[in-house]
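> what shape does this take:
(one chain, ligands or ions: 1)
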Amino acid sequence: VIPLPLQPLRWEGDAGSGRLWLVDQTRLPQELVELECANAVTLHEAIRTLRVRGAPAIGLAAAHGLVLALQPFQHLGLAAFERALASEKAALVALRPTAVNLRWAAELVAAAAQGTTPPARLESMHAAATRLVEDQSARSLAMAEHGLGLLGPGEHILTICNAGPLAAGGLGTALGVVLLAAQRGLKPEVFACETRPLLQGARLTAFELVRAGVPVTLLSDGAAAQLLASGRVTRVLVGADRIARNGDTANKIGTYALALAAKAHAIPFHVVAPLSTVDANTLDGRDILVEQRPAGEVLECLGQRVAAPGAHAINPAFDVTPAALITSIITEHGVTPPESLVHSVPSA
Ligand code: MRU
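Have a look, this model is predicted:
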């Protein structure tokens, strides 16, 4: 059994009156503090402001969050409970429109609402959310095992954003492969893009790797193409927020540029994600809605205004990497070329 690294969230208490505790990822690495979510308002704010982030982790937060949001309705009639369930689910799903795990998890927990009374339904939703967290952990280990099959000793892996335990639960996605490789003595080293505008790479990926004893070297996002050209990177591993049926992949802004440069220099580029990130309803990348975030995140750096007064900014949270640039997609089912992924997902 592999001891789990720091996890993004935990539930405390029973279905009817329990609370969700989140590691506040905006305060890492300076402070490791948990945020208590006792209601949907606090949880929505936490998801919107990236206190909890990473597609699978937002899914887990939404799963427990739906239970939290329904607690005030447990003593009403069944019809009122069902109406609240529909509207609370819609509100959660709208918070981050690209990360498909959010919708997937909220729908799964809503569908689990079984029983003749609201408390019974809340109980079954809570059980489903708890199972999801456990499943996610098992899936991350399966992804890491499959990814490990690709790695040789002493690889130098380039990544972007944070696709580790905090982003997904369990061992994470792309970083899960690295963490398992380190545990198995393969001595991987990581180059991590700092990831503008919110520095998820510099703050979170570096935090997780240092804690695990994996050597990590940060670079500014603009330095990645030059690094890939230098021959010092053996492989690129990234996570995903949504994968279309044809393998086109939305991930943190900057991922597409990594894929282009990796292709130009014949360096393998892999996406690591659970099947819950594959959206059977999205045919290709053109159908992926990219979340646009506030301009202030670009005009500022860690809360300090850095841009010249009067400048404007665009702030897409993600970009879409075409399947043709992806060597393989690693899911809990195995390593698949992007064009074969469609055989792993149910029809739309
Ligand atoms: O905006 P974020 O920090 O939620 O973006 C996260 C990413 O882009 C991750 O790479 C992705 O969710 C996969 S993580 C397991």
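> next one, pLDDT for Ala111 please.
Listed pLDDT for Ala111 reads 97.
> residues of the stretch 1-150 of the chain that sit close to the ligand?
50, 53-56 (CB under 6 Å from any ligand atom). Where C-beta positions appear, they are placed from N, C-alpha and C, glycine not excepted.
> go again using 8 Å as the cut-off
50, 53-58, 96, 99 (CB under 8 Å from any ligand atom).
> which secondary structure element contains Asn251?
strand 249-252 (DSSP states H and E).
> tell me what that strand is packed against?
strand 242-243, strand 318-321 (3 or more CB pairs under 8 Å, 6 or more residues apart in numbering; DSSP states H and E).
> looking at the ones you listed, which is closest to the ligand?
The closest of the helices and strands packed on strand 249-252 to the ligand is strand 318-321. By CB to the nearest ligand atom, the value is 6.3 Å.
> from the residues of the stretch 1-150 of the chain next to the ligand, which land in helices?
Among these, the ones falling in helices (DSSP state H) are 55-58.
> can you dump the C-alpha coordinates of the strand holding Asn251 into CSV?
Presented in CSV, the C-alpha positions along strand 249-252 are these (Å, rounded to 0.1, in the frame of the first residue of the first chain):
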residue,chain,number,x,y,z
THR,A,249,-7.3,17.9,-25.2
ALA,A,250,-8.0,21.1,-23.1
ASN,A,251,-5.5,21.7,-20.4
LYS,A,252,-3.9,24.7,-18.7
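> list the residues that contact Leu209.
Going by CB atoms under 8 Å, 6 or more residues apart in numbering, Leu209 touches 164, 175, 178, 190, 192, 215-216.
> just checking: what are the partner strands of the strand holding Asn251?
Strand pairing for strand 249-252, using DSSP bridges, gives strand 242-243 (antiparallel), strand 318-321 (antiparallel).
> next helix or strand past that strand?
In N-to-C order, the element after strand 249-252 by DSSP H and E is helix 255-264.
> counting neighbours, what do you get for whichever residue of the chain sits closest to the ligand?
Residue of the chain nearest the ligand, by CB to the nearest ligand atom: Gly239 (2.6 Å). Residue neighbour count, defined by other CB atoms under 10 Å, stands at 29 for Gly239.
> which residue packs closest to Thr331, ignoring adjacent ones?
Counting by CB to CB, 6 or more residues apart in numbering, Leu275 is the residue found nearest to Thr331 once chain neighbours are left out, at 5.1 Å.
> contacting residues for that neighbour?
Taking CB under 8 Å, 6+ apart as the definition, contacts of Leu275 comprise 331-333, 344-345.
> now, the residues you listed that are in strands?
Thr331 (DSSP state E).
> thinking again about what came up before, next one: the strand holding Asn251, is it in contact with the ligand?
Yes - counting by CB under 8 Å from any ligand atom, the ligand is contacted by strand 249-252 at 251-252.
> what sits against the nearest residue to Ala307 once chain neighbours are set aside?
Excluding its sequence neighbours, the residue lying closest to Ala307 (CB to CB, 6+ apart) is Leu299, at 4.1 Å. Contact analysis of Leu299 by CB under 8 Å, 6+ apart lists 305-307, 311, 313.
> redo those as JSON lines? Include neighbour count.
Shown next, in JSON lines, are these (neighbours: other CB atoms under 10 Å):
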{"residue": "Arg305", "neighbour count": "10"}
{"residue": "Val306", "neighbour count": "10"}
{"residue": "Ala307", "neighbour count": "14"}
{"residue": "Ala311", "neighbour count": "10"}
{"residue": "Ala313", "neighbour count": "14"}
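> which among the contacts of Leu209 end up buried?
Listed as buried from the contacts of Leu209 are 164, 175, 178, 190, 192, 216; burial here means 16 or more other CB atoms under 10 Å.
> what are the phi and psi values for the last one?
The phi and psi values for Val216, taken as degrees, to the nearest 10, are phi -130, psi 130.
> one more: the fourth one?
Backbone dihedrals for Val190, given as degrees, to the nearest 10, come out at phi -120, psi 130.
> list the contacts for the residue nearest to Glu194 when sequence neighbours are not counted?
Spatially, and ignoring its direct neighbours in sequence, Glu194 is nearest to Ala202 (4.0 Å; CB to CB, 6+ apart). Residues in contact with Ala202 (CB under 8 Å, 6+ apart) are 192, 194-195, 218.
> if we check the ligand, which of those are in contact?
Near the ligand, by the rule CB under 8 Å from any ligand atom, you find Thr195 out of the contacts of Ala202.
> pick out the most distant pair among the contacts of Ala202.
In terms of CB to CB, the contacts of Ala202 reach their longest pairwise distance at Thr195 and Leu218, which sit 9.5 Å apart.
> which residues does stretch 303-319 contact?
Contacts for stretch 303-319 (CB under 8 Å, 6+ apart): 96, 98, 197, 241, 250-257, 288, 290-300.
> and that stretch, how far from the chain's centre?
23 Å (CA atoms, centre = their mean, to the nearest Å).
> same deal with stretch 189-203?
The mean C-alpha position of stretch 189-203 is separated from the chain mean by 14 Å, CA atoms, centre = their mean.
> between the two ends of that stretch, how far is it?
Stretch 189-203 has an end-to-end distance of 17 Å (CA to CA, to the nearest Å).
> try stretch 104-123
19 Å.
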